[in-house]
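*Asks:* Fold the following and give me the result.
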Amino acid sequence: MKSNVMIGIGLLIFGNLFSALYDVSIKWMPEGSNAATFLLIRQVLSVLMLLPLWFAARCPTSNHLKLHLFRANTGALGAVCLIMGLMALPMATVSSLFFSAPLIIVLLGCVLLKEKVTPSQWLATILGFIGILILLRPSEINWFGIAVLIAALTFAINQTALRKLPGTENPTVTLMLYNALSIPLVAVMVAVQGLEGLSWQLVVIAALSNSFLLAYHWFCVLAYRRAQASQVAIAEYSGLLFCVFFGWLLFEEWLDALSWVGAAFIVLPSLILPWLSYKMASSPKKIIEQNAR
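*Replies:* Modelled structure (predicted):
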């Protein structure tokens, strides 16, 4: 069981590198583009890029179309919100807010999947939401920050829903349906926002970002099938480090002092508290073993 958890955590850490690179690609979108147009191009390209893999896997199907439809459409709503946030806010700020998702995953895993949540996880969740409030700064709150939180919520719902899919289902069909079933909703979004900023540059960036995103989702599918959502969700925080690094390296973006405090409230409790709980639980066992000798 422990080996499955460690493998799941490793897969998520590697996947989050691609997630950070996806965020970078959004920042490279040409001026005049809108989120819905970019998302429509990305979803169509996703399906085209997955077709060879789907055919190579002998055209697998799924018996859980309702769940896939739910994941696809909630994912599309979250994707639009995240793209809007990345277009308007620094990467580090967006990433700090978005990484409230692991906290939400723990809660959803407890409520929906009946997974056990330890006292340290509850404490980390409470401190994490305090960190969210610090980052949002209610006196300076803006809609782009709210949009990122909506994206985090939909992401958490989708990752938790992965646990409802059987481990025997081919990851290719999971990714294919996630993208294909969302296209009608995204087309409606484009009809509302308008087809703006369409260019070959946008198509190239969409293809690049899509490659990063597909790689990330692939590793997520593998990771969340290895272990319980609440056990591996901690590894999602590695993406925050990647995003802060790329934001500094490529865009000269950095968190201010108060934002660092908020980010610390979100990340550090989930990293430190489980380790302390493990140490406290293992110490009495060691004492008993020594006395037994």
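*Asks:* So which residues of the stretch 1-150 of the chain form helices?
*Replies:* For the stretch 1-150 of the chain, applying DSSP state H, counting those that start in this stretch gives helices covering 2-27, 35-56, 65-88, 91-98, 101-111, 119-136, 143-161.
*Asks:* If you count neighbours, what's buried in the first one?
*Replies:* It stands for helix 2-27. If you call a residue buried by 16 or more other Cβ atoms under 10 Å, then helix 2-27 has these buried ones: 5, 8-9, 11-27. Every residue, glycine included, has its C-beta placed from N, CA and C.
*Asks:* same deal with the last one?
*Replies:* Using 16+ other Cβ under 10 Å as the burial criterion, the residues of helix 143-161 that qualify are 144-145, 147-161.
*Asks:* quick one: average confidence on it?
*Replies:* Helix 143-161 carries an average pLDDT of 87.
*Asks:* same check, this time on the longest one
*Replies:* Averaged across helix 2-27, the pLDDT comes to 86.
*Asks:* now the angle from that helix to helix 35-56?
*Replies:* Here helix 2-27 runs at an angle of 130 degrees relative to helix 35-56 (axes from the mean of the first three to the mean of the last three Cα atoms, to 10 degrees).
*Asks:* In terms of secondary structure, what does helix 2-27 contact?
*Replies:* helix 65-88, helix 91-98, helix 200-224, helix 229-232, helix 238-251 (3 or more Cβ pairs under 8 Å, 6 or more residues apart in numbering; DSSP states H and E).
*Asks:* Compare these and give me the one nearest A191.
*Replies:* Proximity to A191, assessed across those by Cβ to Cβ, is greatest for helix 65-88 (13.4 Å).
*Asks:* Distance from the closest one to the middle of the chain?
*Replies:* Centre-to-centre, helix 65-88 and its host chain are 11 Å apart (Cα atoms, centre = their mean, to the nearest Å).
*Asks:* which residues does the closest residue in space to L222 that isn't next to it in sequence contact?
*Replies:* Leaving aside its chain neighbours, L222 sits nearest to L11 (5.2 Å; criterion: Cβ to Cβ, 6 or more residues apart in numbering). Shown in contact with L11 (Cβ atoms under 8 Å, 6 or more residues apart in numbering): 219-220, 222-223, 226.
*Asks:* Just the buried residues out of these, in ChimeraX syntax.
*Replies:* Buried residues within the contacts of L11, by 16+ other Cβ under 10 Å, are selected in ChimeraX with:
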select :219,220,222,223,226
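*Asks:* okay, the contacts of L11 in CSV with pLDDT next?
*Replies:* Below are these laid out as CSV (pLDDT from 0 to 100):
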residue, pLDDT
F219, 88
C220, 83
L222, 83
A223, 84
R226, 75
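*Asks:* for the contacts of L11, which one is nearest V192?
*Replies:* Looking across those and measuring by Cβ to Cβ, the closest to V192 is C220, at 29.1 Å.
*Asks:* Go ahead and confirm the closest one touches I13.
*Replies:* No - with contacts defined as Cβ atoms under 8 Å, C220 does not count as touching I13, sitting 11.5 Å away.
*Asks:* Comparing the helices and strands packed on helix 2-27 by mean pLDDT, which bottoms out?
*Replies:* helix 229-232 (a mean of 69).
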